[in-house]
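**Q** Let me see the structure of the following:
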Amino acid sequence: MPTTSLPPSRGIRAVALSLLLAAGCHDPTSAPGRLDRPAGRPSTMLTPNPTSVTVAGSFQSELGCAGDWDPACAVTHLTYDAGDDVWQGTWTLPAGSWEYKAALNGAWDENYGLHAQLGGANIPLAVATARSVKFYYDHKSHWITDDVGSVIVSAPGSFQHTLGCAGDWDPGCLRSWLQDPDGDGTYDFSTSAIPAGSYETKAAIGEAWDENYGQGGVRDGANIPFTVHANGDLVTFRYVSSTHVLTVTSGPTDHVAPTIDIALTTPTVAPNVVNATGPSGAVVTYTAVAHDDQPGVGTPSCTPASGTTFAIGVTTIACTVTDAAGNGGSQQRAVTVIGATTQLANLQAAVGALGLDGGLTTALAAKLASTSCGSLKAFANQVRAQRGKAIAAATADRLLAEAARIEAVLGC
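**A** Predicted coordinates for the structure are as follows:
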């Protein structure tokens with residue numbers, strides 16, 4: 001199965017799916033209050049509930065399918081667990097290096113691969129010796145994974161009944177399942193369904209209590225307390241697999257994207273216009289400050305960085321930032337660095353506006369008629385000769401500084 005392209009015969013349905021994704025269709029049976037994305041991750045648009053989910057891959061023939069990469073083979077269909085709101089299935093796989101994806105509704109039209117991406121890359125699965133492998137697919141996040149390549153971590157606790165679990169302290173209820181679609185080893189889950197109150201939780205591995213972590217990442221450690229201050233507050237559970245530390249934060253639900261203000265601190269000659277100071281352009285400095293309706297927004301990440309030399313021409317500063325709830329904001333600002341030719345024209349206009357004696361104005365303008373080092377030196381010499389006489393000292397100093405900068409741009 002190709003990892004990105006679809007056969008031409010499926011093009012119309014693929015376009016329809018893209019339009020549906022863009023419209024942001026919702027899953028009417030999703031858990032109450034659970035966000036449609038893992039915490040701190042980009043939001044995921046939902047398509048209608050699938051009628052089937054197939055684990056389609058290079059091992060299907062080993063499990064009894066007629067061939068591999070068959071999205072219609074019922075042998076490798078996952079089963080929807082209404083209690084968990086997650087599709088699941090377990091099979092024994094032989095040793096080998098395998099690949100797979102989640103194919104919905106018995107076809108390739110809607111399929112999810114690595115990092116929960118629509119039409120994404122195949123997911124690798126290395127099985128050292130024959131063993132049972134459990135697969136999971138969550139249609140709210142589109143994450144398809146297995147218990148070999150991922151840690152299956154849940155957050156059982158005294159709050160689970162509020163999410164729709166049959167009871168509390170149930171490590172097997174995946175309505176409090178922490179996910180890691182981007183594969184960075186940090187698993188998280190957010191919900192606004194837990195009512196105001198005081199609760200406790202732990203991190204449980206593999207849907208069981210055999211391996212669990214409490215306060216400070218201690219195995220079999222003390223329960224982790226947390227407080228929800230108001231109904232509707234966003235509660236985020238985050239587990240770092242390298243340290244086994246589970247943290248829980250609570251605060252007002254935040255669906256507002258942060259904004260970024262970019263302000264140039266390098267002197268400008270017009271809005272967003274900077275003079276080059278050398279042949280390579282100009283060092284441009286700026287500030288980028290993020291604003292959000294909730295605390296916790298970080299410092300924007302920008303390219304090129306402040307203090308970078310911008311080449312003559314147009315360079316766009318692009319900044320992004322993510323707030324504590326995972327909402328992303330961005331801003332851009334185009335900066336124009338003008339070279340010797342434009343600076344020379346500006347200097348000519350400045351000389352013409354000084355109201356000097358007609359003959360002096362003509363003589364100075366003639367020396368600015370070409371972008372040559374000799375002409376600029378002759379201009380500077382005449383300005384020095386008239387400094388404090390026909391040309392006020394402060395004005396002459398400004399003209400000399402302009403001429404020296406243009407000479408530097410030309411490399412004189």
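**Q** how about the strands in the stretch 101-250 of the chain?
**A** Remark: strands assigned in the stretch 101-250 of the chain by DSSP state E, counting those that start in this stretch are 111-112, 123-127, 131-138, 143-146, 153-154, 177-178, 186-191, 197-201, 203-205, 211-213, 224-228, 234-240, 245-251.
**Q** Stretch 307-325: end-to-end distance?
**A** End-to-end distance of stretch 307-325 (C-alpha to C-alpha, to the nearest Å): 30 Å.
**Q** Let me fix that, I meant to ask about stretch 132-143.
**A** 20 Å.
**Q** right, and residue 262 touches residue 284 too?
**A** No. Look at residue 262 against residue 284 with C-beta atoms under 8 Å: they stay out of range, at 11.1 Å. Where you see a C-beta, it was placed from the backbone N, CA and C, and this is true even at glycine.
**Q** what's the weakest-modelled helix or strand in the chain?
**A** helix 11-23 (a mean of 38; mean pLDDT, DSSP states H and E).
**Q** give me every residue that touches the closest residue to residue 64 other than its chain neighbours.
**A** Distances taken as C-beta to C-beta, 6 or more residues apart in numbering place residue 75 nearest to residue 64, at 4.7 Å, with adjacent residues excluded. With contacts defined as C-beta atoms under 8 Å, 6 or more residues apart in numbering, residue 75 is in contact with 60, 63-65.
**Q** Drop anything exposed from these.
**A** 60, 63, 65 (16 or more other C-beta atoms under 10 Å).
**Q** Tell me the bridge partners for residue 274.
**A** Under the criterion DSSP bridges, residue 274 forms beta bridges with residue 337.
**Q** As a markdown table, the buried ones among the contacts of residue 75 with pLDDT would be great.
**A** Supplementary listing: these in a markdown table, determined by pLDDT from 0 to 100:
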| residue | pLDDT |
| --- | --- |
| 60 | 98 |
| 63 | 98 |
| 65 | 98 |
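**Q** Quick check, residue 286 in contact with residue 267.
**A** No. Here residue 286 does not reach residue 267: they are 12.0 Å apart, not a contact under C-beta under 8 Å.
**Q** Neighbour count: these two, which is higher?
**A** residue 286 (19 against 9; other C-beta atoms under 10 Å).
**Q** now the chain, which segments are flagged as low pLDDT?
**A** 1-46, 253-255 (pLDDT under 70).
**Q** Would you map out the domains in it?
**A** 1-147, 151-253, 259-338, 340-410 (automatic domain parsing).
**Q** The last one: end-to-end distance?
**A** Chord length of domain 340-410, first to last residue, is 7 Å (C-alpha to C-alpha).
**Q** just how off-centre is it within its chain?
**A** Domain 340-410 sits 50 Å away from the centroid of its parent chain (C-alpha atoms, centre = their mean, to the nearest Å).
**Q** Stretch 197-206 too?
**A** 28 Å.
**Q** Pull out the buried positions in it.
**A** Across stretch 197-206, burial judged by 16+ other C-beta under 10 Å covers 199-206.
**Q** Could you do stretch 389-396 as well?
**A** 390-391, 395-396.
**Q** For residue 79, give the beta-bridge partners.
**A** Under the criterion used (DSSP bridges), residue 79 bridges to residue 88.
**Q** how close does it sit to residue 52?
**A** 10 Å (C-beta to C-beta, to the nearest Å).
**Q** So which of the two has more stuff around it?
**A** Neighbours were counted for residue 79 and for residue 52 using other C-beta under 10 Å; residue 52 has more, 17 against 11.
**Q** That one contacts residue 110, doesn't it?
**A** No. Here residue 52 lies out of contact with residue 110, judged by C-beta under 8 Å, at a distance of 11.2 Å.
**Q** shared neighbours of the two, anything?
**A** Taking C-beta under 8 Å, 6+ apart as the contact rule, the neighbours common to residue 52 and residue 110 are residue 104.
**Q** Residue 408 is in contact with residue 278, isn't it?
**A** Yes. The pair residue 408 / residue 278 is scored as a contact, 5.4 Å apart, by C-beta under 8 Å.
**Q** Let me see the contact set for the residue of the chain most remote from its centre.
**A** Seen from the C-alpha centroid of the chain, the residue lying at the greatest distance (C-alpha atoms, centre = their mean) is residue 359, 61.7 Å away. Shown in contact with residue 359 (C-beta under 8 Å, 6+ apart): no residues.
**Q** immediately after the strand or helix carrying it, which helix or strand?
**A** Using DSSP states H and E, residue 359 maps to helix 358-367. Per DSSP H and E, the first helix or strand lying C-terminal to helix 358-367 is helix 373-386.
**Q** what's in contact with that next one?
**A** Under C-beta under 8 Å, 6+ apart, the answer for helix 373-386 is 360, 363-364, 367-369, 391, 396, 399-400, 403-404, 406-407, 410, 412.
**Q** quick one: that helix to helix 358-367, angle?
**A** Orientation of helix 373-386 against helix 358-367 (axes from the mean of the first three to the mean of the last three C-alpha atoms, to 10 degrees) gives an angle of 150 degrees.
**Q** Give me the buried positions along helix 373-386.
**A** Applying 16+ other C-beta under 10 Å to helix 373-386 flags 375-376, 378-380, 382-383, 386 as buried.
**Q** ok, now stretch 146-158?
**A** Buried residues in stretch 146-158 (16+ other C-beta under 10 Å): 146-148, 150-158.
**Q** try stretch 175-191
**A** For stretch 175-191, by 16+ other C-beta under 10 Å, it's 175-181, 186-191.
**Q** how far does that stretch sit from the chain's center?
**A** 16 Å.
**Q** And stretch 172-183, by the same measure?
**A** 20 Å.
**Q** measure that stretch end to end?
**A** Per C-alpha to C-alpha, stretch 172-183 runs 22 Å from first to last residue.
**Q** on that earlier part again, as a markdown table, the buried residues of stretch 197-206 with distance to residue 318 would be great.
**A** As requested, those are exported to a markdown table (distance: C-beta to C-beta, whole Å):
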| residue | distance to residue 318 |
| --- | --- |
| 199 | 41 |
| 200 | 43 |
| 201 | 39 |
| 202 | 41 |
| 203 | 37 |
| 204 | 41 |
| 205 | 40 |
| 206 | 42 |
